Every structure is written in C-alpha cells, then in structure tokens.
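S.K.: Please work out how this folds:
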Amino acid sequence: MRIRYLFLIPELILLFFFVAPVFKRICNPGNIGGALGCLFLIALTLFPHALGQLFRRIWEHLPGKIGLSVLGVLVAAGLIFSGIMSVQMARAIADTPKTPETVVVLGCKVRGTKPSAMLTRRLEAALEYLDENPSVSCVVTGGQGAGEDIPEGQAMKLWLVEHGVAEERILVEDQSTDTQENLRNAAEILEENRLGTEIVIVTDGFHQYRAELLAEKAGLEASAYSAYTNPLYVPTYWVREWMALFQLLVLGHG
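M.R.: Below is the predicted model:
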C-alpha cells in the first residue's frame, strides 16, 4: 500500500461531511465548493502522475503558463484568506459577554410558523442567556421569506413566550432579509428604546465573525453567545462563511 493512499481517509471523511447535508435539504455554495475541493484532492491522490503529465503539457504553451500561474496565485491567495478568516471566526466565537447586554437573535429559516432546527437552537441559546440575566431585553430579527407563513421575528417571539420569557422583554424586528438588515434594523430598535449600543449576538458560531463586522457597521459593539451547531453541518457552513466574508471584505457587499 502506497503512503499517499493514506491521504484518502481524511479526504473521504471530509467529502462525507460536505455531501451528507444534501440529504437534509442543505445545499449551498459551502458544501458544493467543499465537495469539489475534496474531489480534486482525491484525484491528486489517486492519479498524481496522470495529472502531473497533464499540467506539464499545459505548461509547454504560453497561454498554459499564464493560466496555471494565475490559478496558482488564486489558490494560494484563497488558502491564505481562508486561514486568516478561520482564525478570526474562532476568535469571534470566543468573544463572550463580559457584562449582561441586550440580546440580538439573528434570524434563520422558519417552516410554516415553527422555527427550523437551526433557529430553534439559536432560540435555546437565547433562552439560556435570558434566564441567566433576567434584567436583559431581547431583539428577535428576521422578515418573512419563501415557505414561511409568518416573519421569522414573530415566530421567534412566539417560541420565547411559549418557553417562559415575558412578552415585554422581547422586541421584534420583522422586515429584514439578511444579516446586514437584521443588525441595521436592530440598531434602530435599540436606539428607539434607549437600550444602548452594546449587544450580545446569538447565532451559530461560524456566523459570529461576520455578524460582529456587520454590527460594527451598524454602530453596535457586539460580543458572542453561540448556539450549538450540528457538527455534521459545520464544514459546509464554515466554507460558505468564507465566501460571504470574501463578498463583504473584498467586494464590499454585505
């Protein structure tokens, strides 16, 4: 058995993590990009000589040299960017609240009138924080999307009230369509209710760094209280977050 075949084990495991979410109706640029990357690595492991010969033939021609050089630079830049973003994402997850502040729960899919599994876990984290800090208010955010019978913010309020949170502690933002609008609209609600600009964002850990950046753009100072994320989905959403951060930091789109 050749040593290189040992690399197949982690490559196949990682491929499984990117493919498995599809069977739970989770298909986005994160698992598509991750799966394609894994397939390329598997091809390199299985057919190194054939691919090496292919690259050498391409390199013999000037357009091929230019194309491979550009590709190499892009891959290197992508790896560096992804590494830096991963460090920043991990730091954001660890940036937990020092003092009790207003909770802002970021929206996620609602199925009919009920929170999805991911949104339920965010609400469970928010409930835990609110129970620990009974003087703190909460802003739930999210408008109504396709397949949703009511706005996400309304569904979140109903869930929290059903689980014992007093209605007067919950402020609803129900017009936003993305994270940027979640936080921008939440900032307006906080100002209207004189709740200050320091907040605790409740969302999944992989999402905290981008949320923190967008909160800063909205004039807020955020710390993180992360919901539990099913480990099966973490690679998919982590890679998707790299793409969203590239769009935000490099292309300037939230």
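S.K.: so residue 245 is in which element?
M.R.: helix 234-249 (DSSP states H and E).
S.K.: I figured residue 174 hits residue 144, correct?
M.R.: Yes. Using Cβ atoms under 8 Å, residue 174 is in contact with residue 144, at 7.2 Å. C-beta coordinates here come from the backbone N, C-alpha and C atoms, glycine included.
S.K.: Common neighbours of the two, please.
M.R.: 151, 152 (Cβ atoms under 8 Å, 6 or more residues apart in numbering).
S.K.: and residue 165, which of the three is it?
M.R.: Recorded secondary structure, residue 165: coil (DSSP: H, G, I helix; E, B strand; the rest coil).
S.K.: What's the local residue count around the spatially closest residue to it that is not a sequence neighbour?
M.R.: Leaving aside its chain neighbours, residue 165 sits nearest to residue 130 (5.7 Å; criterion: Cβ to Cβ, 6 or more residues apart in numbering). Counted by other Cβ atoms under 10 Å, the residues lying close to residue 130 total 24.
S.K.: swap in the one 4 residues further on?
M.R.: Neighbourhood size, residue 134 [other Cβ under 10 Å]: 10.
S.K.: repeat for residue 120
M.R.: When counting by other Cβ under 10 Å, one arrives at 15 neighbours for residue 120.
S.K.: Secondary structure element for it, which one?
M.R.: helix 117-132.
S.K.: Low-confidence stretches in this protein?
M.R.: Regions of the chain meeting the criterion pLDDT under 70 cover residues 1, 254.
S.K.: what's the distance between the residue nearest the centre of it and residue 20?
M.R.: Centroid-nearest residue in the chain, with Cα atoms, centre = their mean: residue 207, separated by 3.5 Å. With distances taken as Cβ to Cβ, to the nearest Å, residue 207 is found 20 Å from residue 20.
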